[in-house]
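Visitor: model the structure of this input:
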Amino acid sequence: MSEPAGLYVHIPFCLTRCGYCDFNTYAGLDQLSNRYVEALQREAELWAPEWQDATFVSLFLGGGTPTTLKHDSLVNLLRGLRSTFSLEPDAEITSEANPDTVDEPYLARIRRGGVTRLSMGVQSFDPNVLGALERIHSPDSARRAFSAARRAGFEDVNLDLIYGANGESIESWKRTLEEAIALTPEHLSCYALTIEPATPLGRKVAAGLTPAPDADLQADMYELACEVLAMAGYEHYEVSNWAKPGHRCRHNLGYWEGRPYLGLGAGAHSYRDGRRWWNVRSPQQYLAMVSAGERPIGGDELLSEGERRTERLLLGLRTAEGIPVDWVEDVRADGFVAHGLAERRDGRLALTDRGLLLANELVTELVE
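Guide: Residues are numbered from 1 along each chain as shown. Model prediction:
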């Protein structure tokens, strides 16, 4: 029986690079896009023999902004990947999108071409917060893009939101949540703004030009999201993710459940049988290696049994289903339950909303 797996495809191109972004993304390299798409297909062929025993249940086009590609390039890429790998007939196929890179004809074309799910980087419906995040779209363009997705036939749409940017208040965050809910997306991802030192925003914070996010305020914003989204009928199924029943992201669940996954593209990560590896980050180096017939691996690691156990705990406790109760000593689990951080149900230990906010710290306690 074939092994279920996930396929991730990294598209590193963006219209602009936001000051907080630490992903492997680049503005001004669109001239490489045709060669890059060809290289993705070639890399897929280099990996195909080792993954012929896997059935891919999900494919995620991430970035960067995949919708900076011409729609025919994106559709042809999907067609090529389907011919190279074994994808389930009803595989979940997600593309990330920036509101300013899509319109109804574009979205209709990629929907007909096989994309089943759209993940849109909205971040906020407050113009001041978008400015602080250096996002170039407006709240209105986000609303227009969402409406275009619906008209194009998308029945599974995620909105990405970020909370805790400079100047954002709890009231502003509540309005963003309410405006997002009013659009009735099937899925919402809400992430606390984190400061990465190597980013422009990280350097501004280090220089004292911009204040760091207020951790207490972010905790309040997180609790507000839990409350507001629950009242709107969204299931809180992972630390930062909420979904209407039946619309959990199958691809991301694969990461949290420890399923193997193959990453294609510059900087993409892969995992299988306790081994993790990652591709070179530079798009130019990636293109050179693939054109020479080399797998573009930049490094790898083999996880020890202890490291694998820590990951199983961390990833499992990030989800609403939690972990089997026998993975944790009763005396430790009792402490979490007594403090309202976890609960036992159906033979599993799962964190409460309050516990999910502290998931990393709790796992550290468990493995010490």
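
Visitor: okay, CA-based contacts and neighbour counts for the rest of this
Guide: Fine.

Visitor: ends of stretch 171-190, how far apart?
Guide: End-to-end distance of stretch 171-190 (CA to CA, to the nearest Å): 16 Å.

Visitor: what's it in contact with?
Guide: Stretch 171-190 is contacted by residues 124-126, 143, 146, 155-163, 221, 224-225, 228-229, 232, 234, 240-244, 247-248 when judged by CA atoms under 8 Å, 6 or more residues apart in numbering.

Visitor: and for stretch 321-334?
Guide: Stretch 321-334 is contacted from outside by Tyr237, Leu313, Gly316, Leu317, Ala342, Arg344, Gly347, Arg348, Leu349, Ala350, Leu351, Leu366, using CA under 8 Å, 6+ apart.

Visitor: list the buried ones in it?
Guide: Glu321, Gly322, Ile323, Pro324, Val325, Ala333, Asp334 (16 or more other CA atoms under 10 Å).

Visitor: just the contacts of stretch 171-190: which are in helices?
Guide: Using DSSP state H, the members of the contacts of stretch 171-190 that fall in helices are Arg143, Phe146, Met221, Leu224, Ala225, Val228, Leu229.

Visitor: now do the nearest residue to the third one once chain neighbours are set aside against Leu217, distance only.
Guide: In this case it means Met221. Leaving aside its chain neighbours, Met221 sits nearest to Ile170 (6.2 Å; criterion: CA to CA, 6 or more residues apart in numbering). According to CA to CA, Ile170 and Leu217 sit 8 Å apart.

Visitor: stretch 29-45: which residues count as buried?
Guide: Buried residues in stretch 29-45, counted by 16+ other CA under 10 Å: Ser33, Tyr36, Val37, Glu38, Ala39, Leu40, Gln41, Arg42, Glu43, Ala44, Glu45.

Visitor: so what's the residue nearest to Met221 up against?
Guide: Leu217, Asp220, Met221.

Visitor: kindly report the same for Gly164.
Guide: By CA under 8 Å, 6+ apart, the contact set of Gly164 is Ala192, Leu193, Pro213, Asp214, Leu217, Gln218, Met221.

Visitor: list only buried entries from the residues you listed.
Guide: With neighbours counted by 16+ other CA under 10 Å, the contacts of Gly164 contain buried members at Ala192, Leu193, Pro213, Gln218, Met221.

Visitor: any regions of the stretch 51-200 of the chain where pLDDT drops low?
Guide: Within the stretch 51-200 of the chain, no stretch has pLDDT under 70.

Visitor: all strands for it, in order.
Guide: Under the criterion DSSP state E, counting those that start in this stretch, the stretch 51-200 of the chain carries strands at the ranges 54-63, 87-97, 117-123, 157-163, 187-192.

Visitor: among those, which comes closest to Tyr271?
Guide: Checking these against Tyr271 by CA to CA gives strand 54-63 as the closest, at 12.9 Å.

Visitor: in its sheet, what does that closest one sit against?
Guide: Using DSSP bridges, strand 54-63 pairs in its sheet with strand 3-11 (parallel), strand 87-97 (parallel).

Visitor: what's the most buried one of those strands?
Guide: Highest mean neighbour count among these (mean count of other CA atoms under 10 Å): strand 3-11, with a mean of 22.
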